[in-house]
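>>> Here is my input; please provide its structure:
(chains A, B, C and D)
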There are 2 protein chains.
Amino acid sequence: MAKTKLTPDVLALVAQRFRALAEPARLQILQSMRRKEMTVTDLVNETGLGQANISKHLQLLYAQGFVTRRKDGLFTYYSLADQSVFELCDIMCSQLESNARARRRVLAS
Amino acid sequence: MAKTKLTPDVLALVAQRFRALAEPARLQILQSMRRKEMTVTDLVNETGLGQANISKHLQLLYAQGFVTRRKDGLFTYYSLADQSVFELCDIMCSQLESNARARRRVLAS
DNA sequence: TAACTAGATTGCTACACGGTCATTAAGTGT
DNA sequence: ACACTTAATGACCGTGTAGCAATCTAGTTA
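Here you go, the predicted model:
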């Protein structure tokens, strides 16, 4: 197990990575790539977002190492670097649900 | 296991939770509360951040359910709602390290 | 060569949000 | 009553960034 010391500068890096996932559009993009690699136009068609927009999100995700890319002719194929993104989402969803339960409990009192 | 369906509105909620952690100051606050509950002034002293600033961050973390609070006289004691925050940080740190390894590999080539 | 296409980049606007200062609210002690 | 302390809130400023339109680059095809 990794156990990096959580110094302020490490926290800044971690925060930066959280920020990369703090955008519905980017989560949507990542989810679209869950099964197979996708080109930019694929993602435009699937998400309905603009081309320039998608492209910028992908640059950010690539810079942070969340996705990899492979160029072939005119196309750039993007794919997930690893599956841990969904692990993170699962934890977030569990928290969402337990929050919802807690809220219902308060309302019922 | 939870397995909530990842509809666009769920993604928005998940993104919102990621955003709450996408701030070094808030991660620092959470880390300070790792061992024991803390008052606002405790956190001011430990982090060096301003009182109003800390207070606003705490409101946000409380609204998202990351922390709980307990009032006693003049003081408000904040504590972690659960430990899963650190689970998330650990995953992020692993990714940071594997990114760093990959970067070193590229530089060595 | 020119025309076409995929994707990256730039410039711009609008909005969200972090940080600070000042104020307010609530509780304590004299 | 008053002074004092903790914490929350409101106003303001500056920065960061999502989204879009337009442009540019690079690869393909005729």
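
>>> Can you show me the strands along chain A?
Along chain A, counting by DSSP state E, strands occupy A:67-72, A:75-80.

>>> Buried residues, the first one. List them.
This points to strand A:67-72. A:67, A:69 (16 or more other C-beta atoms under 10 Å in any protein chain shown). No exception for glycine: its C-beta is placed from N, CA and C like everyone else's.

>>> Show me what that strand pairs with in its sheet, parallel or antiparallel.
Taking DSSP bridges as the criterion, strand A:67-72 forms sheet pairs with strand A:75-80 (antiparallel).

>>> What average pLDDT does the partner strand get?
The pLDDT scores in strand A:75-80 average 98.

>>> Report the distance from that strand to the chain centre.
15 Å (C-alpha atoms, centre = their mean, to the nearest Å).

>>> just to revisit the earlier point, so can I have a markdown table of the strands of chain A showing distance to DNA strand C?
What follows is these, written out as a markdown table (distance: least, C-beta to the nearest atom of the strand, whole Å):
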| stretch | distance to DNA strand C |
| --- | --- |
| strand A:67-72 | 6 |
| strand A:75-80 | 4 |
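
>>> just so I know, which of the ones you listed lies nearest A:Thr41?
strand A:75-80 (8.1 Å; C-beta to C-beta).

>>> quick check: angle from the helix ranked longest in chain A to strand A:75-80?
Once chain A is assigned using DSSP state H, the helix that runs over the most residues is helix A:84-108. Per axes from the mean of the first three to the mean of the last three C-alpha atoms, to 10 degrees, the angle that helix A:84-108 makes with strand A:75-80 is 60 degrees.

>>> one step back: please produce JSON lines containing the strands of chain A, extended by distance to B:Ala12.
Converted to JSON lines, the strands of chain A look like this (distance: least, C-beta to C-beta, whole Å):
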{"stretch": "strand A:67-72", "distance to B:Ala12": "21"}
{"stretch": "strand A:75-80", "distance to B:Ala12": "21"}
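
>>> of all those strands, which lies closest to B:Arg19?
Closest of the strands of chain A to B:Arg19 is strand A:67-72, at 20.0 Å (criterion: C-beta to C-beta).

>>> Residues touching the closest one, excluding its own?
A:30, A:33, A:37, A:58, A:61-62, A:76-81 (C-beta atoms under 8 Å, 6 or more residues apart in numbering or on different chains).
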